[in-house]
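>>> Quick one, structure for this:
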Amino acid sequence: MNLLRLIISISLLLQYTASVAAPCNIRGRIIPKVSDTEWTQKVYLSRMESVSDFFRCSPSLVVDSAVIRKDGSFEFRSVKGIEPNTFCRLEVVPKDYKGGSMLNFAGIDDNYAFLLLSPGSQISFTTELAHFNYAFKPVKLDKANLALRKVVQMAWPADKAIAVIIARRKKLEDVPGTPPDTLKNLRAEVSELINKHAVEMLPVIDTLSNPYVSLFTFITNFSDDSLFCLKMNSRYQREIPKSKYAGQFLDMIYDMLYTLPVGSKAPDVSLPDSSGKIISTAGLRGKYVIIDFWGSWCHPCRMENQQVIKPLYGKYGSRNFYILSISLDTDRDTWLGALRKDELSWPGEVCDLKGIKSPAALAYKVTDLPVVYVLDTSGTIIAKNLRGKQLDDFIAARMDKK
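Model prediction:
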């Protein structure tokens, strides 16, 4: 009997070792093939090491690339080092972009698609360059990735509506004399569509049979409903207790509910602006303060800066209101270049060029971007990670009543 157990154990170990060593194969084809010089003729593969990486843009995430051939086809023949149930992201980027990691959120004009890979995964699909995710059509996908694609497709009605609004907004931006409130209302419509879809996805997250696909859906449609967060965390810890993503989700929920919660005193930090002047949160008492962590490489950060943060400064900057924009860049020229290009010029633009290791980032538990805290006049945290219209409305409710 002991010999039989030994034989079975060795057999299972060999099967596991073979599966872990088995490389993944990913094949795709761009239809139609775009021949202009707008796009880099490569597809990049990024590996999501943590739940905070899903919408993070960093060259450090890129593990491989494949050339797009003349017929539009590309292939990752031997993707190694993939553990079971690893989330990855395929990306195409414009030719003038440095590095292989960039995300574009513009309705159906997207440049990325997610995959759930395991050793030996065989993936095949067709798509388009300018609509990489929206035009994704499976040729060969396993059950987990088919479930993931169904979840992604649920967002397409909202994505189509967002694309129409974005097109309208771009036209109006080029029309002299367009009232600022018109553009603001269009941005609010986009935020409402995103929030509405996230609420609609809650029962889907709860009932998806594959816990990894459920977790993916939660991360990409996040809810700050504490009871729902705790419920789903309980499920993930029970069903996939050895998954690094489940462990990170637990940490994220703990951080959200117990680390620097709303109502706690904000840590005091001091950073230099472009002239070397030190700006400290302790010196901002008596003002409502938005602390906005961002980076030049973070496309969502820069969109939020231009569409929400900048208009708020224009409206309330002369009152007891302050925006402390903390860049996590490590290169001074890149940081200042982003400020010039985006026309961001309020006094609170600061950066110590230490990146994610900045004492400010460590004090505020920043592991992903963008991150936003709102402080009241006493330096108490009164809101965290509000976006778009939510942040606009939250600040307006406090400033317009004065």
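
>>> Now do the helices in the stretch 51-200 of the chain.
143-153, 156-173, 180-200 (DSSP state H, counting those that start in this stretch).

>>> got any ranges where the chain has weak pLDDT?
Per-residue confidence for the chain (pLDDT under 70) gives these ranges: 1-21, 33-37, 98-100, 105-107, 400-402.

>>> Pop the domain breakdown of it in here.
According to automatic domain parsing, the chain is divided into the following domains: 10-142, 157-258, 270-399.

>>> could I get the helices of the stretch 51-200 of the chain as CSV with distance to Ala135 and mean neighbour count?
Glycine gets a C-beta too; all of them are placed from N, C-alpha and C. Formatted as CSV, the entries for these read as follows, by distance: least, Cβ to Cβ, whole Å; neighbours: other Cβ atoms under 10 Å:
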stretch, distance to Ala135, mean neighbour count
helix 143-153, 12, 17
helix 156-173, 11, 15
helix 180-200, 20, 16
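
>>> I'd like those written out as CSV, with distance to Ile26 added.
CSV is the format used below for those (distance: least, Cβ to Cβ, whole Å):
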stretch, distance to Ile26
helix 143-153, 11
helix 156-173, 23
helix 180-200, 28
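
>>> and Thr380, backbone torsions?
With angles defined as degrees, to the nearest 10, Thr380 shows backbone torsions of phi -100, psi 140.

>>> Skipping adjacent residues, who's closest to it in space?
If you skip the residues right next to it in sequence, Thr380 has Lys265 as its closest partner in space, 6.0 Å away by Cβ to Cβ, 6 or more residues apart in numbering.

>>> got the contact list for that neighbour?
By Cβ atoms under 8 Å, 6 or more residues apart in numbering, the contact set of Lys265 is 379-381.

>>> of the residues you listed, closest to Ser214?
Comparing these against Ser214 with Cβ to Cβ places Ile381 closest, at 30.1 Å.

>>> Double-check that closest one against Thr259; I have them as touching.
No: under the contact definition of Cβ atoms under 8 Å, Ile381 does not touch Thr259, with a separation of 10.8 Å.

>>> the more surrounded of the two?
When neighbours are counted by other Cβ atoms under 10 Å, Ile381 comes out ahead of the other of Ile381 and Thr259, with 19 against 12.

>>> Would you mind measuring from the more buried one to Ala282?
Applying Cβ to Cβ, to the nearest Å, one obtains 15 Å for the distance of Ile381 from Ala282.

>>> Need the three-state assignment for Leu386.
Three-state assignment for Leu386 (DSSP: H, G, I helix; E, B strand; the rest coil): coil.

>>> can I assume it is in contact with Val374?
Yes: the pair Leu386 and Val374 qualifies as a contact (Cβ under 8 Å) at a distance of 6.9 Å.

>>> Can you pick out the residue with more neighbours from the two?
Between Leu386 and Val374, counted using other Cβ under 10 Å, the more crowded position is Val374 (22 against 18).

>>> Including distance to Asn305, could the contacts of Lys265 go into a markdown table?
As requested, those are exported to a markdown table (distance: Cβ to Cβ, whole Å):
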| residue | distance to Asn305 |
| --- | --- |
| Gly379 | 23 |
| Thr380 | 24 |
| Ile381 | 21 |
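
>>> and which of those residues is nearest Pro241?
Ile381 (32.1 Å).

>>> Pull the contacting residues for the closest one.
260-266, 373-375.

>>> any idea how far it lies from Leu362?
When Cβ to Cβ is the yardstick, Ile381 and Leu362 sit 16 Å from each other.

>>> Please apply the same query to Val350.
When distance is defined by Cβ to Cβ, Val350 is 15 Å away from Leu362.

>>> Neighbour count: these two, which is higher?
Summary of the neighbour comparison: Val350 and Leu362, criterion other Cβ under 10 Å, with Val350 having more neighbours (22 against 14).

>>> hang on, the earlier thing: nearest to Arg340, out of the contacts of Ile381: which one, please.
Ranking these by separation from Arg340, with Cβ to Cβ as the measure, puts Tyr373 on top at 25.9 Å.

>>> what about that closest one, helix or strand, and which?
Per DSSP states H and E: Tyr373 is located in strand 371-375.

>>> List the buried residues in stretch 120-139.
120-121, 123, 125-136 (16 or more other Cβ atoms under 10 Å).

>>> Quick check: the farthest pair among those residues?
Considering Cβ to Cβ, no two members of the buried residues of stretch 120-139 lie farther apart than Gly120 and Ala130, which are separated by 31.6 Å.

>>> re earlier: in strands, which of the buried residues of stretch 120-139 appear?
Of the positions in those, 123, 125-127 sit in strands, assigned by DSSP state E.

>>> Surely Cys301 and Leu369 touch.
Yes: counting by Cβ under 8 Å, Cys301 does reach Leu369; the two are 5.4 Å apart.

>>> Give me the common contacts of these two.
Between them, Cys301 and Leu369 share these contacting residues under Cβ under 8 Å, 6+ apart: 294-295.
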